[in-house]
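**Student:** this is a predicted model, with the sequence first.
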Amino acid sequence: MIKAIVFDLSGVIFTRMSNIHEILEPIIGLKKDEITLKMKNKSFYDFLEGKINEDDYWKKIIGGNSWNISIDELKKAMRDNFREIEGTLNIIKKLKKNGFLLGLLSSHTKEWTQYLNQKYDYEKYFDGIVYSFNEGDTKTNISLYKEILFKLKVSSYECIYIDDKEKYIEPAKILGMKTILFEDSEKLKNRLNYFLR
C-alpha cells in the first residue's frame, strides 16, 4: 500500500539550472556545452553539498574561466532561469489533499532553494525534505534516500519516487521504492491517476 510520494525538485517541479545557458551564451560568447563543462566542476558539487556558498561558487567560476561578468549578473541570470514546470505543483496539491505523505529529495543549493521557496512557497506541501546542502552529499549516495524514508516514517515499499534522471531513479529502486521517470506533468498525472481520484 502506497503511503508516501517523494519528488525531485529540479527538472520535476522547477526547471533545471541548465536553462541558464540560453541567458549566458550571448554574454560570455560560449556554446551551451562549453558553459556546462565550465560550470559543473568540483566547485559546483562543493556548492551542492553545502561546503561553499553561492558567492564563493561564482567567484571560482569567474576566476577559473576569466569570464567578463559580475557575480550579481550571474545570480540574476540563475534566478531568471528558474521557472515552474507547469502542472506538477497542481499534482502535488491534489496528492496532499488526498492524504498522502509527500517528500522532497533534491541535490540542490541553499541559496537557490531559498529563492524558489520565497517565490513559490512550495515547501509547505511536504512532510519531509532532504536537500543535499544539508546532508553534505548528493543523491549519488543512497543514504539520502534512506533519510527521506526516515523523515516520512515509511518503508521503501510504501513509497513512490519521482525523478527526471535515470541515474537517480536507480538508488530508489535498489531500496525497493516504486519509481517514475518524469517526462512531463501530463504523463506524470496519467501515471498517478489512481492516487489523484
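**Tutor:** Looks like it arrived, so ask away. Residues are numbered from 1 along each chain as shown.
**Student:** any idea how this structure splits into domains?
**Tutor:** If you go by automatic domain parsing, the domain ranges for the chain are 4-15+83-196, 17-81.
**Student:** same for the strand or helix carrying G64, what does it pack against?
**Tutor:** Taking DSSP states H and E as the definition, G64 sits inside helix 54-65. On a contact count with 3 or more CB pairs under 8 Å, 6 or more residues apart in numbering; DSSP states H and E, helix 54-65 meets helix 32-39, helix 42-48, helix 71-81, helix 110-120. All C-beta atoms are positioned from the backbone trio N, CA, C, and that covers glycine.
**Student:** which of the residues in the shortest one are buried?
**Tutor:** Burial within helix 42-48, assessed by neighbour count using 16 or more other CB atoms under 10 Å, is assigned to 43-45, 47-48.
**Student:** what sits closest to N68 if chain neighbours are left out?
**Tutor:** I28 (7.8 Å; CB to CB, 6 or more residues apart in numbering).
**Student:** one step back: pLDDT (mean, whole number) over the helix holding G64?
**Tutor:** What helix 54-65 shows for mean pLDDT is 96.
**Student:** could you list the low-pLDDT ranges of this protein?
**Tutor:** Counting by pLDDT under 70, not a single residue of the chain qualifies.
**Student:** can you give me the helices in it?
**Tutor:** 20-28, 32-39, 42-48, 54-65, 71-81, 88-97, 110-120, 132-135, 143-152, 166-175, 185-191 (DSSP state H).
**Student:** could I get those as TSV with distance to F14?
**Tutor:** TSV is the format used below for the helices of the chain (distance: least, CB to CB, whole Å):
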stretch	distance to F14
helix 20-28	13
helix 32-39	18
helix 42-48	15
helix 54-65	17
helix 71-81	10
helix 88-97	8
helix 110-120	6
helix 132-135	15
helix 143-152	18
helix 166-175	16
helix 185-191	12
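**Student:** among the domains of the chain, show me which one is buried the most.
**Tutor:** Highest mean neighbour count of these: domain 4-15+83-196, a mean of 17 (counted as mean count of other CB atoms under 10 Å).
**Student:** tell me how far that domain lies from the chain's centre.
**Tutor:** 8 Å (CA atoms, centre = their mean, to the nearest Å).
**Student:** also stretch 48-65?
**Tutor:** With CA atoms, centre = their mean, you get 18 Å for stretch 48-65.
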